[in-house]
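Student: Quick one, what's the 3D model for this:
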Amino acid sequence: MTKEILFPYGKEKLKYAFDEKELAGVLTSSIEGYKPEFDEVTLVKKALEEPIGSAKLSELAKGKDNVVIIASDHTRPVPSKIIMPLMLEEIRKGNPEAKITILIATGCHRGTTKEELISKFGEEIVENEQIYIHDCDEREKLTNIGVLPSGGVCEVNSIAAEADLLVAEGFIEPHFFAGFSGGRKSVLPGIAGRTTVLANHCSEFINHPNARTGILENNPIHEDMLWAAKKAKLQFIVNVVLNSEKKVIYAVAGDLEEAHKRGTDFLSAQCGAKAVYSDIAISTNGGYPLDQNVYQAPKGMTAAEATVKQGGVIIMLASSTDGTGGDHFYHQLADEADINKIMDMFLQRDRNATVPDQWQAQVMIRVLMRATVIYISEMEDAMIEKMHMIPAHSIDEAIKKAKEILGKTDVTITAIPDGISVVVQR
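Tutor: Sure, this is the predicted structure:
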């Protein structure tokens, strides 16, 4: 008997028929089967009408003349065309004369272009609202608001620091070291200075056992982020949960912590999947757009890491049509043949000496220290080999190579069709 499974790969899907004797488990999220009670706009409206742990946004806006809304940038699929008009309306209901600035939370990404802003918000908002794009290296636009619990300096955009009322929009999804996105992440890394982001993403924190997908409790990265958001006085959030079609299926609004927790509890219930430990674990980044380069691939790899046996094999599918995803990331992996030496170098590096993309390389090395990784992509084999992985170009080829590596034909396999959408519970 065989069981056919589809794996997202680029803009297509790769199909493979597994021998059911080998297939130990298929880990999937139930979020795609979730049917929301209302349409997207109504879900957000109801969240704003019934805020969690907070007064309504219109009430908070009363008497606040300088209101700042932190909004996600072009790299995030937040449906701002739905959320932003409703937030603006609610603020002006409470204070029609308020000066409102939309602050784009780029983190350490490049600046968002006008075309991307229009795509995100629509022309009316771009032409009529005050929008400022955060730049983590714009020193004169940063304000020091204290020292993070981690010991790093906490600098945030001055526009946010000077606001009478600071609020944010965003979305919640599993995150491979912050536990979940959303909530406090609007401030750190969203509108923080580069030095602050690098300190928060230090090797000590990335190495912490609780800096994992779906974990917030005692997660030092999350605790730093939460401290920064509170210190910056982020008072109100509107966060949504999306399905694979990027449609809103759930929305929360209100207090930074309480509303975010309601959203992460919902997501945990939908995305949780118990680990099925196997010789081989197969994962993806959910296809396009997150599988365009190797840099993003550790996200899907961590789902496999959580369910593969020590010394096993991970098969990662990521088309990687845009290559490695960055020279910093590539050279941190490719310039040293011994992965143990790379990890030692990361762990000995002070948090204030963290270098760009170090965290991504560190997670990948951690995965490689648990299992051999066979990488299915469109990239040149030599480049994949330089990054300490074994290249393959089909699932069939990868499974054959995995059996050779393991030295046996009688293997167990766990399949994770979308490694980004699942929280694997050990």
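
Student: Could you list the domains of the protein?
Tutor: 2-27+275-425, 33-270 (automatic domain parsing).

Student: got TSV for those domains, with mean neighbour count too?
Tutor: C-beta coordinates here come from the backbone N, C-alpha and C atoms, glycine included. Below are the domains of the chain laid out as TSV (neighbours: other CB atoms under 10 Å):
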stretch	mean neighbour count
domain 2-27+275-425	19
domain 33-270	20
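
Student: want to throw the ones you listed into CSV with mean pLDDT?
Tutor: Shown next, in CSV, are those (pLDDT from 0 to 100):
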stretch, mean pLDDT
domain 2-27+275-425, 95
domain 33-270, 95
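
Student: got the contact list for the residue nearest the centre of the chain?
Tutor: Nearest residue to the geometric centre of the chain (CA atoms, centre = their mean): H175, 4.2 Å. By CB atoms under 8 Å, 6 or more residues apart in numbering, the contact list for H175 reads S181, K185, T213.

Student: taking the residues you listed one by one, which sit in strands?
Tutor: Using DSSP state E, no member of the contacts of H175 falls within strands.

Student: ok, those residues vs T264, which is closest?
Tutor: S181 (9.5 Å; CB to CB).

Student: where's the closest one relative to E97, distance?
Tutor: 34 Å (CB to CB, to the nearest Å).

Student: List the ones among the contacts of H175 that fall in helices.
Tutor: Using DSSP state H, no member of those falls in helices.

Student: start to end distance for stretch 339-358?
Tutor: 14 Å (CA to CA, to the nearest Å).

Student: Which residues does that stretch contact?
Tutor: 108, 150-152, 195, 198-199, 201-207, 295, 326, 328-329, 332-333, 336, 361-362, 365-366, 368-369, 388.

Student: Can you flag which of those residues belong to helices?
Tutor: 195, 198-199, 203-206, 328-329, 332-333, 361-362, 365-366, 368-369.

Student: What strand or helix carries K81?
Tutor: helix 80-94 (DSSP states H and E).

Student: the inter-axis angle of the next helix-or-strand element following that helix versus helix 80-94?
Tutor: Using DSSP H and E, the helix or strand that follows helix 80-94 towards the C-terminus is strand 99-105. Interaxial angle, strand 99-105 versus helix 80-94 (axes from the mean of the first three to the mean of the last three CA atoms, to 10 degrees): 150 degrees.

Student: Which elements pack onto strand 99-105?
Tutor: strand 66-72, helix 80-94, strand 130-133, helix 158-161 (3 or more CB pairs under 8 Å, 6 or more residues apart in numbering; DSSP states H and E).

Student: Can I get the ones you listed in a markdown table including distance to F38?
Tutor: A markdown table is the format used below for the helices and strands packed on strand 99-105 (distance: least, CB to CB, whole Å):
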| stretch | distance to F38 |
| --- | --- |
| strand 66-72 | 23 |
| helix 80-94 | 12 |
| strand 130-133 | 29 |
| helix 158-161 | 32 |
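
Student: Of all the ones you listed, which one comes closest to V411?
Tutor: strand 66-72 (41.6 Å).

Student: ok, that closest one: who's next to it in the sheet?
Tutor: In the sheet, strand 66-72 lines up against strand 99-105 (parallel), strand 165-171 (parallel) (DSSP bridges).

Student: Now tabulate these in TSV and tack on distance to A415.
Tutor: As requested, the strands paired with strand 66-72 are exported to TSV (distance: least, CB to CB, whole Å):
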stretch	distance to A415
strand 99-105	35
strand 165-171	27
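
Student: Out of the ones you listed, flag the one nearest I416.
Tutor: Of those, the one closest to I416 (CB to CB) turns out to be strand 165-171, at 21.7 Å.

Student: Dump the closest one to CSV, restricted to CA.
Tutor: Provided in CSV are the C-alpha atoms of strand 165-171 (Å, rounded to 0.1, in the frame of the first residue of the first chain):
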residue,chain,number,x,y,z
LEU,A,165,-0.3,56.8,21.9
LEU,A,166,1.6,54.0,20.3
VAL,A,167,-0.3,51.1,18.6
ALA,A,168,0.5,48.4,16.0
GLU,A,169,-1.0,46.1,13.4
GLY,A,170,0.5,42.7,12.6
PHE,A,171,-0.1,39.0,12.2
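
Student: continuing past that strand, what's the next helix or strand?
Tutor: strand 174-175.

Student: How far off centre is that next one?
Tutor: Remark: strand 174-175 is offset 5 Å from the chain centroid, using CA atoms, centre = their mean, to the nearest Å.

Student: returning to that earlier point: so the residue nearest to the centre of the chain bridges to which residues?
Tutor: Under the criterion used (DSSP bridges), H175 bridges to G179.

Student: distance of it from Y16?
Tutor: 28 Å.

Student: With N243 instead?
Tutor: Distance from N243 to Y16, by CB to CB: 24 Å.

Student: Likewise for P8?
Tutor: On the measure of CB to CB, P8 and Y16 end up 13 Å apart.

Student: cool, and G312?
Tutor: 18 Å.

Student: now do G326
Tutor: Counting by CB to CB - G326 and Y16 are separated by 30 Å.

Student: same check, this time on V367
Tutor: 22 Å.

Student: Any idea how far apart the tips of stretch 6-20 sit?
Tutor: Stretch 6-20: ends 15 Å apart by CA to CA.

Student: do stretch 204-219 as well
Tutor: End to end - CA to CA - stretch 204-219 spans 12 Å.
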